[in-house]
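J.: Task: produce atomic coordinates for the following.
(2 chains)
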There are 2 protein chains.
Amino acid sequence: MLLEPIKWKANKIIFIDQTELPSRLKYVRCGDIATLCEAIRKLRLRGAPLIGVSVALGYALAAIKSRTRAGLREDLRKASGRLKATRPTAVNLFWAMKRMEDAFSRLPADMDLRKVKRSLLKEALSMLIEDQDMCRAIGRNGALLIKNRDIILTHCNAGMLATAGQGTALSIFYEAKKKGRKFKVYADETRPLMQGSRLTMWELMRNGIDATLICDDMAASVIKNKGVTKIIVGADRIAENGDAANKIGTYGLAVLAKHHKIPFYIAAPSSTIDHNIKTGRDIPIEERRRDEMIYVGEKQTAPIKAKVYNPAFDVTPAELITAIITESGVYDIKRFRGI
Amino acid sequence: MLLEPIKWKANKIIFIDQTELPSRLKYVRCGDIATLCEAIRKLRLRGAPLIGVSVALGYALAAIKSRTRAGLREDLRKASGRLKATRPTAVNLFWAMKRMEDAFSRLPADMDLRKVKRSLLKEALSMLIEDQDMCRAIGRNGALLIKNRDIILTHCNAGMLATAGQGTALSIFYEAKKKGRKFKVYADETRPLMQGSRLTMWELMRNGIDATLICDDMAASVIKNKGVTKIIVGADRIAENGDAANKIGTYGLAVLAKHHKIPFYIAAPSSTIDHNIKTGRDIPIEERRRDEMIYVGEKQTAPIKAKVYNPAFDVTPAELITAIITESGVYDIKRFRGI
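T.: Residues are numbered from 1 along each chain as shown, chains lettered A, B, ... in the order given. As a prediction, the model looks like this:
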């Protein structure tokens, strides 16, 4: 069953607070940019494509809250700046914001305030619909790769909770299931924020996918001893040469895939490809707060003063990627530069 | 400063409850086999060499609690059976128990009960002292490999909290520091029970080692981007051919070491080598309870009904190991079959 991790209703952005999962399915009604920024920073709203849709709706929200036609440009500029400052790695955020800004700049300078608001909201909502279409298309393209008896490992959450639709990597599982394919999935827990155990397991179980949870340090053993046949993950930013930034841990899985001679796939919308960046070296990697590694809930799991290193993403070099699956097709990494 | 994770006092085994770390340094006074078995099963007492010393002291404790010379043999047989059933993978447990049983069987059948008790306690306490000597010797042998500016990754806890002495893998850091070597350590968190963040970080910080905590899924990124120069871990059982069982996650690190062309070392006492086992295939791997992956403390981190796979150990094939460091020397894996 399709979730609606984000929607627009009565001039509010309604979204699932993902930090409450899997214990509670709680929707937040968000009517201001500050709440939206906090939600993105704290990962209440997360997943590169979903962040893209969120900030587009945020831009429309800022327009709707604006009081005068004269002040609108400045209000939008401020909102855009605040939203762009939330998270540095996922390019979809900047891509979505640029698209909204371009839409605004194309509007006649003398257009009535009410019409501007309606027009920007329409643009944001069409991005939401396009995201849903993109998810289905990635799923259908990727499902061509899934065979009966496949055992597939995934990391983090590239699913319904990471997009406005049915996900990217996980959409492939949903489409393969529709086609009657029989396969098993192992989901990495994904420390420190546990998007795999909290979100991916929750979502796969809801959708009847045969899924088993493992800790991140079990992946090598599972690949070897349980006969994993392929690894499929999402991406937050892909460089021109195919190097892909994704949730921390992805690079290690790609090395394991190579060692065990199994294919390693990235599934992501083409909006994830950053044509301004030649290689993965130029992708900024977000480092997050130390608390994430000192506590789990109330439980202290490390010395309070422990020195920690907490990068949220890593970069998988193109040579470890078998193919990139987008809404327009499956691109063997050797042909990738072309798309 | 040397910890005493285990000692004998007034006919009680006194040990640190490691599940309370790093929040609290709590000692348990244990006067019965049931409490000792529970402590080993729940990992209050853990680490292959420490488990060995614990069960030896447990055997002596069972003798001391025995009421009659006639009933002693049966009391000891029962205690040994219960202790051996606690955990299947670490061979030190079986090795220590066999040594105590052999010591008992060597005693004259008509020996006075009080003398038998004293003799078995003496045997167990000498195993404790030998463990401390073994730790120092492993440390000194391994320290020869440590260079200034080394950046060393370790996994789980093979330290003071895993032995009766100053550890195995971590003893190398303590001895290298004594020699004035300057180096940095990264410690893997080690899910699900977090022996790396809870125990290794706590112990390294107490002993002035420059240590940084990472999550298990960050290891590949840290090896590549922070320039890790070597990986050193412990072992719970080593087969004749050098295949080594250690905490889950070890095998993946060995694959990463190979990919990044850095050496991968196992540090363990020679009692960890199981001469009854030809290859790692024959090492039984303990699977632990699902709760460990559904909750951290009170916090639910996965759906209650999630299917999980929770192996406590994995086996690293000899061909991925550079050398095995024991109390008697550093053995290049190619020469290992000989020792």
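
J.: those helices in the stretch 101-250 of chain A, which residues are they?
T.: In the stretch 101-250 of chain A, the helices defined using DSSP state H, counting those that start in this stretch lie at A:113-143, A:169-178, A:195, A:201-206, A:219-225, A:250-259.

J.: can you redo the ones you listed as CSV with mean pLDDT and distance to chain B?
T.: C-betas here are computed from N, CA, C, even on glycine. Formatted as CSV, the helices of the stretch 101-250 of chain A follow (pLDDT from 0 to 100; distance: least, CB to the nearest CB, whole Å):
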stretch, mean pLDDT, distance to chain B
helix A:113-143, 98, 22
helix A:169-178, 98, 15
helix A:195, 98, 11
helix A:201-206, 98, 5
helix A:219-225, 98, 3
helix A:250-259, 98, 3
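
J.: out of the ones you listed, deepest packed?
T.: Across these, the average number of neighbours (mean count of other CB atoms under 10 Å in any protein chain shown) peaks for helix A:195, which reaches a mean of 27.

J.: Give me the residue at the spatial middle of chain A.
T.: Among the residues of chain A, the one closest to the centroid is residue A:47, at 2.4 Å (CA atoms, centre = their mean).

J.: For that residue, give me its contacts.
T.: Residues near residue A:47 by CB atoms under 8 Å, 6 or more residues apart in numbering or on different chains: A:5, A:157, A:158, A:159, A:161, A:162, A:163, A:234.

J.: Highest neighbour count among those?
T.: Taking other CB atoms under 10 Å in any protein chain shown as the neighbour criterion, residue A:157 ranks highest of the contacts of residue A:47 with 35 neighbours.

J.: Just to check, it is in contact with residue A:200?
T.: Yes: applying CB atoms under 8 Å as the test, residue A:157 and residue A:200 come out as touching, 4.6 Å apart.

J.: so what sits against both of the two?
T.: Overlap of the contact sets of residue A:157 and residue A:200 (by CB under 8 Å, 6+ apart) consists of A:170, A:190.

J.: closest to residue A:327 among the contacts of residue A:47?
T.: Distance to residue A:327 across the contacts of residue A:47 (CB to CB) is lowest for residue A:163, with 11.3 Å.

J.: Might one say that that closest one is in contact with residue A:54?
T.: No: with contacts counted by CB under 8 Å, residue A:163 stays clear of residue A:54, the gap being 10.8 Å.

J.: What are the phi and psi values at the closest residue to residue A:322 other than its chain neighbours?
T.: With CB to CB, 6 or more residues apart in numbering or on different chains as the criterion, residue A:322 has its nearest non-adjacent residue at 3.9 Å, and that residue is residue A:263. With angles defined as degrees, to the nearest 10, residue A:263 sits at phi -70, psi 150.

J.: ok, residue A:263 - contacts?
T.: By CB under 8 Å, 6+ apart, the contact set of residue A:263 is A:145, A:230, A:231, A:257, A:322, A:323.

J.: Those residues in strands, which ones?
T.: Of these, the ones assigned to strands by DSSP state E are A:230, A:231, A:323.

J.: can you pull the contacts of residue A:175?
T.: Residues counted as contacts of residue A:175 (CB under 8 Å, 6+ apart) are A:136, A:139, A:140, A:142, A:143.

J.: quick one: contacts for the residue at the greatest distance from the centre of chain A?
T.: Largest separation from the mean C-alpha position in chain A: residue A:110, at 37.0 Å (CA atoms, centre = their mean). Listed by CB under 8 Å, 6+ apart, the contact set of residue A:110 is empty.

J.: Now with 10 Å, please.
T.: By CB atoms under 10 Å, 6 or more residues apart in numbering or on different chains, the residues touching residue A:110 are residue A:69.

J.: how much space between it and chain B?
T.: According to CB to the nearest CB, to the nearest Å, residue A:110 and chain B sit 52 Å apart.

J.: For burial, what's the neighbour tally of the closest residue to residue A:299 other than its chain neighbours?
T.: Closest residue to residue A:299 apart from its sequence neighbours, by CB to CB, 6+ apart: residue B:297 at 2.9 Å. Residues lying near residue B:297 (other CB under 10 Å) number 13.

J.: Surely residue A:315 is within a helix?
T.: No: judged by DSSP: H, G, I helix; E, B strand; the rest coil, residue A:315 forms no part of a helix; its state is strand.

J.: Can you name the residue of the stretch 1-150 of chain A nearest to chain B?
T.: Closest residue of the stretch 1-150 of chain A to chain B, CB to the nearest CB: residue A:22 (4.6 Å).

J.: Share the number of residues neighbouring that residue, please.
T.: Residue A:22 has 23 nearby residues by other CB under 10 Å.

J.: so residue A:328 sits right up against residue A:140, yeah?
T.: No: using CB atoms under 10 Å as the test, residue A:328 is too far from residue A:140 to be in contact (11.2 Å).

J.: shared neighbours, those two?
T.: By CB under 10 Å, 6+ apart, residue A:328 and residue A:140 have no common neighbours.

J.: my read: residue A:317 touches residue A:244, true?
T.: Yes: counting by CB under 10 Å, residue A:244 is a contact partner of residue A:317 at 8.6 Å.

J.: Who has more neighbours out of those two?
T.: residue A:244 (32 against 19).

J.: Hmm, residue A:272 and that one touching each other?
T.: Yes: with contacts counted by CB under 10 Å, residue A:244 reaches residue A:272, the gap being 8.2 Å.

J.: For those two, list the residues in contact with both.
T.: With CB under 10 Å, 6+ apart, residue A:244 and residue A:272 have common neighbours A:234, A:235, A:236, A:237, A:238, A:266, A:324.

J.: What is the most widely separated pair among the residues you listed?
T.: Top of the distance list for the shared contacts of residue A:244 and residue A:272 (CB to CB): A:236 and A:324, 13.2 Å.

J.: Overlap in contacts, the two.
T.: Joint contacts of residue A:236 and residue A:324 (CB under 10 Å, 6+ apart) are A:244, A:268, A:272.

J.: Tell me who's in contact with the first one.
T.: Read that as residue A:244. Contacts of residue A:244 (CB under 10 Å, 6+ apart): A:233-238, A:250-251, A:254, A:266, A:268, A:272-273, A:280, A:283, A:313-318, A:320-321, A:324, A:333, A:336.

J.: Would you quantify the distance from it to residue B:3?
T.: 44 Å (CB to CB, to the nearest Å).

J.: pretty sure residue A:33 contacts residue A:59?
T.: Yes: using CB under 10 Å, residue A:33 is in contact with residue A:59, at 9.1 Å.

J.: Who has more neighbours out of those two?
T.: When residue A:33 and residue A:59 are compared for neighbours, residue A:59 comes out ahead with 26 against 20, by other CB under 10 Å.

J.: wait, doesn't residue A:246 sit right on residue A:89?
T.: Yes: if you go by CB under 10 Å, residue A:246 and residue A:89 touch, sitting 9.2 Å apart.

J.: Name the residue in these two with the higher neighbour count.
T.: Remark: of residue A:246 and residue A:89, residue A:246 carries more neighbours, 29 against 19, as counted by other CB under 10 Å.

J.: dump the residue contacts of the closest residue to that one other than its chain neighbours.
T.: Of all residues not flanking residue A:246 in the chain, residue A:235 sits nearest, at 4.7 Å (CB to CB, 6+ apart). By CB under 10 Å, 6+ apart, residue A:235 lies in contact with A:48, A:90-92, A:158, A:168-169, A:243-247, A:250, A:266-269, A:272-273, A:313, A:315-316, A:321, A:324, A:326.
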